[in-house]
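K.L.:
need a structure here:
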Amino acid sequence: MKETKIVIGAGPYHNNPGWIHTDEQELDLLIEETWATMFNEGSISAILAEHVWEHLTAEEGLEAAMRCYRYLRKGGYVRCAVPDGYFPDESYQHIVQIGGPGPEDHPAASHKIVHTYKSLTEMFSQAGFEVKLLEYCDENGQFHASEWDEAKGVIFRSKKVDPRNKGVLTFPSLMVDAVKI
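P.N.:
Predicted coordinates:
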């Protein structure tokens, strides 16, 4: 059986060869019709979303997670990365805050939430997923990382891949694999 792997909100970046790269206009996490016209329920093996979920409210995030759950096959997963609300750097938090740092054309201007490992885990768990933490900061700002396979979806803004994070951690992401059980 052919594996269907998709990237949500890919923009101009194609970091995952062999995956279907989509933008909001063609595949919107909040619009069922965009999913139903492209995929059958239970047909997707992997969904990658790098810095997408922070552009959704908590309620929209849960709705999107539930939609992903329906379209994933059993054992499929969402690899999700968002800004980390527990990363202890004031300038980082200023950039990723709700509404962004100021200019309306800044990519973070449409941020609606800043997740922590607790809120992201809870959201995906409520949608039925088993959540594996890959990279995250805890309440004390301590960074934690588990080994993860880039072949299962590259997250550029990660400790493992982003050259800005070699040596001193400057722009981490909170990363999870949410697995359909």
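
K.L.:
got the CA coordinates for the helix or strand hosting Glu63 in CSV?
P.N.:
Taking DSSP states H and E as the definition, Glu63 sits inside helix 58-71. Presented in CSV, the C-alpha positions along helix 58-71 are these (Å, rounded to 0.1, in the frame of the first residue of the first chain):
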residue,chain,number,x,y,z
ALA,A,58,-7.2,26.4,21.3
GLU,A,59,-10.6,25.4,20.0
GLU,A,60,-9.5,25.5,16.3
GLY,A,61,-6.4,23.5,17.3
LEU,A,62,-8.5,20.7,18.8
GLU,A,63,-10.8,20.7,15.8
ALA,A,64,-7.8,20.4,13.4
ALA,A,65,-6.3,17.6,15.5
MET,A,66,-9.6,15.7,15.4
ARG,A,67,-9.7,16.1,11.6
CYS,A,68,-6.2,14.9,11.3
TYR,A,69,-7.1,11.9,13.4
ARG,A,70,-10.0,11.0,11.1
TYR,A,71,-7.8,11.2,8.0
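
K.L.:
in that helix, what's buried?
P.N.:
Neighbour-count burial for helix 58-71, with 16 or more other Cβ atoms under 10 Å as criterion, is recorded at Gly61, Leu62, Glu63, Ala64, Ala65, Arg67, Cys68, Tyr69, Tyr71. In short, each C-beta sits where N, CA and C put it, glycine included.

K.L.:
again with stretch 165-177
P.N.:
Using 16+ other Cβ under 10 Å as the test for burial, stretch 165-177 gives Asn165, Leu169, Phe171, Pro172, Ser173, Leu174, Met175, Val176, Asp177.

K.L.:
who touches the first one in this structure?
P.N.:
Yep, that's Asn165 we're talking about. Asn165 makes contacts with Ser158, Lys159, Phe171, Pro172, as judged by Cβ atoms under 8 Å, 6 or more residues apart in numbering.

K.L.:
between the buried residues of stretch 165-177, which is closest to Ser45?
P.N.:
Using Cβ to Cβ, Asp177 comes nearest to Ser45 of the buried residues of stretch 165-177, at 12.6 Å.

K.L.:
does that closest one touch Lys132 like I think?
P.N.:
Yes: using Cβ atoms under 8 Å, Asp177 is in contact with Lys132, at 4.5 Å.

K.L.:
pLDDT value on the residue nearest the centre of the chain, please?
P.N.:
Nearest to the centroid of the C-alpha atoms of the chain, with distances taken as Cα atoms, centre = their mean, sits Cys80, at 2.5 Å. In the prediction, the pLDDT value recorded for Cys80 is 99.

K.L.:
switch to numbering from 732
P.N.:
Sure, I'll start counting at 732 from here, so that last one is Cys811.

K.L.:
once you drop chain neighbours, what's closest to it?
P.N.:
Here the nearest residue to Cys811 in space, its sequence neighbours aside, is Ala780; by Cβ to Cβ, 6 or more residues apart in numbering that works out to 4.9 Å.
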